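In: just the structure for this:
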Amino acid sequence: MKPTIASDLALEKNFKIERFNVTFRAQATNALNHFNLLTARFDTNPNDGANFGSVYPGQTPTADSPPRNVNLGLKASF
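Out: Sure thing, here's the model as predicted:
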(Lines give C-alpha, C1' and ligand atoms only; values in the text may rest on other atoms or scores of the structure.)
Protein backbone atom coordinates (compact mmCIF):
# COMPACT_ATOMS: atom_id res chain seq x y z
CA MET A 1 0.00 0.00 0.00
CA LYS A 2 1.29 3.47 -0.90
CA PRO A 3 1.86 5.90 1.96
CA THR A 4 -0.31 9.00 1.86
CA ILE A 5 -0.51 12.20 3.85
CA ALA A 6 -4.06 13.48 4.29
CA SER A 7 -4.20 17.12 5.29
CA ASP A 8 -7.73 18.51 5.14
CA LEU A 9 -8.67 21.76 6.84
CA ALA A 10 -11.90 23.61 7.61
CA LEU A 11 -12.50 26.95 9.33
CA GLU A 12 -15.81 28.58 10.21
CA LYS A 13 -16.58 31.98 11.74
CA ASN A 14 -19.96 33.44 12.75
CA PHE A 15 -20.61 37.19 12.74
CA LYS A 16 -23.58 39.22 13.94
CA ILE A 17 -24.19 42.36 11.86
CA GLU A 18 -27.21 44.24 13.24
CA ARG A 19 -30.07 41.74 12.82
CA PHE A 20 -28.23 39.43 10.41
CA ASN A 21 -26.26 36.32 11.28
CA VAL A 22 -23.44 35.79 8.79
CA THR A 23 -21.40 32.59 8.58
CA PHE A 24 -18.14 32.40 6.63
CA ARG A 25 -16.65 28.96 5.91
CA ALA A 26 -13.34 28.00 4.27
CA GLN A 27 -12.62 24.36 3.50
CA ALA A 28 -9.46 22.90 1.93
CA THR A 29 -8.81 19.36 0.73
CA ASN A 30 -5.12 18.42 0.59
CA ALA A 31 -4.33 21.75 2.26
CA LEU A 32 -0.57 21.12 2.55
CA ASN A 33 -0.38 19.59 -0.95
CA HIS A 34 2.23 16.93 -0.23
CA PHE A 35 3.91 15.16 -3.13
CA ASN A 36 4.51 11.41 -2.78
CA LEU A 37 8.23 10.97 -3.56
CA LEU A 38 8.11 7.20 -2.98
CA THR A 39 6.07 6.58 -6.14
CA ALA A 40 7.36 9.42 -8.36
CA ARG A 41 9.22 8.54 -11.54
CA PHE A 42 12.71 10.03 -11.72
CA ASP A 43 15.22 10.27 -14.57
CA THR A 44 17.84 7.73 -13.46
CA ASN A 45 20.01 7.89 -16.56
CA PRO A 46 23.42 9.24 -15.42
CA ASN A 47 24.30 10.14 -19.03
CA ASP A 48 21.36 12.58 -19.24
CA GLY A 49 23.40 15.42 -17.70
CA ALA A 50 21.07 18.29 -16.79
CA ASN A 51 17.95 16.11 -16.40
CA PHE A 52 19.50 13.42 -14.17
CA GLY A 53 17.44 13.04 -10.99
CA SER A 54 14.53 15.20 -12.17
CA VAL A 55 10.90 14.09 -11.94
CA TYR A 56 8.93 13.17 -15.05
CA PRO A 57 5.76 15.20 -14.33
CA GLY A 58 3.77 13.64 -17.18
CA GLN A 59 4.48 10.12 -15.95
CA THR A 60 3.65 10.64 -12.28
CA PRO A 61 0.11 9.37 -11.56
CA THR A 62 -2.32 12.03 -10.38
CA ALA A 63 -3.30 9.77 -7.48
CA ASP A 64 0.22 10.32 -6.12
CA SER A 65 -0.02 14.10 -6.28
CA PRO A 66 -3.67 15.13 -5.90
CA PRO A 67 -4.50 18.83 -6.35
CA ARG A 68 -5.31 21.24 -3.55
CA ASN A 69 -9.03 22.15 -3.54
CA VAL A 70 -10.33 25.19 -1.66
CA ASN A 71 -14.01 26.00 -1.14
CA LEU A 72 -15.33 29.25 0.31
CA GLY A 73 -18.86 29.82 1.54
CA LEU A 74 -20.86 32.73 2.91
CA LYS A 75 -24.31 32.36 4.46
CA ALA A 76 -26.53 35.17 5.72
CA SER A 77 -29.67 34.56 7.72
CA PHE A 78 -32.14 36.91 9.38
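In: centroid residue for the chain?
Out: Residue closest to the mean C-alpha point of the chain, counted by C-alpha atoms, centre = their mean, is Arg68 at 2.5 Å.
In: ok, now how distant is it from Val55?
Out: For Arg68, the distance to Val55 equals 18 Å [C-beta to C-beta, to the nearest Å]. The C-beta positions use only the backbone N, C-alpha and C, and glycine is treated the same way.
In: the closest residue to the residue nearest to the centre of the chain other than its chain neighbours: neighbour count?
Out: Distances taken as C-beta to C-beta, 6 or more residues apart in numbering place Asn33 nearest to Arg68, at 4.4 Å, with adjacent residues excluded. When counting by other C-beta atoms under 10 Å, one arrives at 14 neighbours for Asn33.
In: now swap in Phe20 and tell me
Out: When neighbours are defined as other C-beta under 10 Å, Phe20 has 10 of them.
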